[in-house]
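>>> Following is a predicted model, sequence given first.
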Amino acid sequence: MRIGVLGYQGGVYEHVYMLRRTFDRLGVHGEAVVVKKPEDLKGLDGVIIPGGESTTIGILAKRLGVLEPLREQVLNGLPAMGTCAGAIILAGKVRDKVVGEKSQPLLGVMRVEVVRNFFGRQRESFEADLEIEGLDGRFRGVFIRSPAITAAESPARIISWLDYNGQRVGVAAVQGPLLATSFHPELTGDTRLHELWLRLVKR
Amino acid sequence: MIPKYSPFSDSVRLYEVGFNEIVDFFYRLAEAGDKLREEGVWLAYGPEKLPEALEKPVNGTVAVKLGFPIYQKGGVVMDVTNVEQAGIAEDAGAVAVMVLDKLPYDVRKAGGVARMADVKVIEQVMSSITIPVMAKVRIGHYYEAMILESIGVDMIDESEVLTPVDEKHHINKWLFKVPFVNGARSLAEALRRIAEGASMIRTKGEAGTGNVAEAVRHMKLIMGDIWRLRGLSAEERLRVAREYGVPHQLVDLTARLGRLPVVNFAAGGIATPADAALMMWLGADGVFVGSGIFKSSDPSERAAAIVLATSMWDDPEAVAEAQRMVSEAKSMMGIDIRKLSPEELLQVRGAEA
């Protein structure tokens, strides 16, 4: 199994590290590679889009010619996981809490609406325990200037909700082999969410 | 919301809580985790020791403060002085902007006391862009930091570029919910700042000169010191910890990880894409660019080119392309460090504390 991590910027090596641990956990032979150029996309079984600044990652992916071929591959069934900025890049519709509509290069492959910086600025970043459909027990979510998933249309489905200041918002969603989370599972050392996604990756 | 600071009571306890958590967090995070688990250290610091269940979201935890700079890695933080420059930085792909009253180059020229930027300007920048906004405070100035925390700045830089207000002490950063970045010229300085609660370190370089030489020197010193630590016995590390004035666990952790236990950016004098790529190649996690962009005559192109070179530093062809995007004729003039008198150096400020 060969999983790529989009490697321009952000928590790239944290995902590579978590992938290696998850391969060990599942007992599969796997390889985690960093994707930066179009030729790195060859022979991937799945791709992770890490957290970072979605504008920066989008601009660089477009400039280096990775955005279009990646979109094509994901539309053709390449499994993808996006955390935080990665969830924004996967989303079909993106708004920003402060400045509203903003155009930025995105994949736009999931039928979800994501609001950037939903919970506020770094000061409002938080940790919380979450219930996630398909996982036993609670999962520690680390939210850093995170987006929220405010709507999902079939075939996309929200699998984790959070009550925040009296509002119920989505923080994880799936659509076939695509998984988007607004928190950072790669920061907790808990591999269960990566396991959940790797099970969606066909060998 | 405002941290209550009593230098003689609570701070000691807070410091210790913070230190245990920093060790815990990075033991979970770093590649070294597997090795540590074999040695049994994992059980002492691993997930079993996580805080109790969180029924409600909790702000400002150590994981959140140390996590923020992780998502800046591989990116460029740009110094800006107004909304217009912040927009240029965002469009070029900066991961954050640092709001200042004057760029370091102008701080040098103007002289006098350099202070925190105008709060109104910081707030305008915060409402005009979507990327994080950082701002600088003077070394030891608790109240400038509390003001920035209260208006919601994403990260505070306790910076030697501004005039220090406390020659002996830096801010106790464990008291704040907002993460801090501090400058360092050596491993000892970096570890002292981390022990005080810094979530991120940057090399000091010599700001506002357009000359990257000092940043290179500091990065090589820090990396070299880490490599030396790795070869030391436990007793010798204890001695080093005493010499540095930091907890020995922090020295051990650094030696085991083979890098600083927090994100480490390069700063001070970066003016071209090649400068940025060089600093990444020397082991930086990302770069801060100060006067280099807005003191050149091609700021938009230069900003985009430095972003490209920082991310693609391991690919000389891409860095060459980035270098082609800028013209040397348009670079900032630069100042020869050897022509500066010792009083004019910014990097020495706060170094002894």
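Nice, thanks for sending it over.

>>> Would stretch A:112-119 count as contacting chain B?
Yes: counting by CB under 8 Å from any CB of the partner chain, chain B is contacted by stretch A:112-119 at A:116, A:117. Glycine gets a C-beta too; all of them are placed from N, C-alpha and C.

>>> which other residues reach that stretch?
The contact list for stretch A:112-119 (CB atoms under 8 Å, 6 or more residues apart in numbering or on different chains) reads A:54, A:87-88, A:90-98, A:102, A:125-126, A:143, A:145-153, A:156, A:158, A:164, A:169-170, A:173, A:175, A:180, A:182, B:130.

>>> mind running it again at 6 Å?
A:87-88, A:91, A:93-97, A:145-152, A:156, A:173, B:130 (CB atoms under 6 Å, 6 or more residues apart in numbering or on different chains).

>>> C-alpha coordinates for that stretch, PDB please?
Extracted C-alpha coordinates of stretch A:112-119, given in PDB (Å, rounded to 0.1, in the frame of the first residue of the first chain):
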ATOM      1  CA  VAL A 112     -19.900  19.400   2.000                       C
ATOM      2  CA  GLU A 113     -19.900  23.000   3.000                       C
ATOM      3  CA  VAL A 114     -17.000  24.100   5.100                       C
ATOM      4  CA  VAL A 115     -16.600  27.400   7.000                       C
ATOM      5  CA  ARG A 116     -13.000  28.400   7.500                       C
ATOM      6  CA  ASN A 117     -11.900  29.600  11.000                       C
ATOM      7  CA  PHE A 118     -15.400  28.700  12.200                       C
ATOM      8  CA  PHE A 119     -14.400  28.600  15.900                       C
END
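
>>> and it, average pLDDT?
Mean pLDDT, stretch A:112-119: 94.

>>> Equivalent analysis for stretch A:50-68, please.
The model assigns stretch A:50-68 a mean pLDDT of 95.

>>> do you know how far the most far-flung residue of chain A relative to its centre is from residue B:56?
Distance from the C-alpha centroid of chain A peaks at residue A:166, with 25.1 Å (CA atoms, centre = their mean). Distance, residue A:166 to residue B:56, using CB to CB, to the nearest Å: 12 Å.

>>> backbone phi and psi for the residue positioned nearest the centre of chain A, please?
Here the mean C-alpha position of chain A is nearest to the C-alpha of residue A:82 (CA atoms, centre = their mean), at a distance of 1.2 Å. Per-residue torsions, residue A:82: phi -130, psi 130 (degrees, to the nearest 10).

>>> show me the contacts for residue 178.
No chain was given, so I picked chain A. Per CB under 6 Å, 6+ apart, neighbours of residue A:178: A:80, A:110.

>>> not what I meant, chain B
Contact analysis of residue B:178 by CB under 6 Å, 6+ apart lists A:123, B:149, B:156.

>>> One more: residue A:175?
Residues counted as contacts of residue A:175 (CB under 6 Å, 6+ apart) are A:110, A:155, A:156.

>>> I figured the first one hits residue A:90, correct?
Yep, that's residue A:110 we're talking about. Yes: Residue A:110 is within contact range of residue A:90, at 4.7 Å (criterion: CB atoms under 6 Å).

>>> Overlap in contacts, those two.
residue A:180.

>>> ok so, going back, residue contacts, the residue nearest to the centre of chain A?
A:49, A:89, A:90, A:180.

>>> redo that, cut-off 8 Å
Residue A:82 neighbours (CB under 8 Å, 6+ apart): A:48, A:49, A:88, A:89, A:90, A:178, A:179, A:180, A:181.

>>> Name the SS class of the first one, please.
Three-state call for residue A:48 (DSSP: H, G, I helix; E, B strand; the rest coil): strand.

>>> residues touching it, list them.
Contacts of residue A:48 (CB under 8 Å, 6+ apart): A:3, A:4, A:5, A:6, A:15, A:19, A:80, A:81, A:82, A:83, A:86.

>>> Go through the contacts of residue A:175 and flag which are in strands.
Of the contacts of residue A:175, the ones assigned to strands by DSSP state E are residue A:110.

>>> And the contacts of residue A:175, which is closest to residue B:222?
residue A:110 (41.6 Å; CB to CB).

>>> wait, that closest one sits on residue A:92?
Yes: using CB atoms under 8 Å, residue A:110 makes contact with residue A:92 at a distance of 5.8 Å.

>>> quick one, which of the two is more surrounded?
Higher neighbour count among residue A:110 and residue A:92: residue A:110, with 28 against 18, using other CB atoms under 10 Å in any protein chain shown.

>>> separation between that one and chain B?
For residue A:110, the distance to chain B equals 20 Å [CB to the nearest CB, to the nearest Å].

>>> Buried residues of stretch B:224-242, list them for me.
B:225, B:226, B:229, B:237, B:240, B:241 (16 or more other CB atoms under 10 Å in any protein chain shown).

>>> residues touching the fifth one, list them.
By that I understand residue B:240. The contact partners of residue B:240, by CB under 8 Å, 6+ apart, come to B:229, B:232, B:251.

>>> just to revisit the earlier point, now, the contacts of stretch A:112-119 that are in strands?
Using DSSP E, the contacts of stretch A:112-119 in strands are A:91, A:93, A:94, A:95, A:96, A:148, A:149, A:150, A:151, A:152, A:173.
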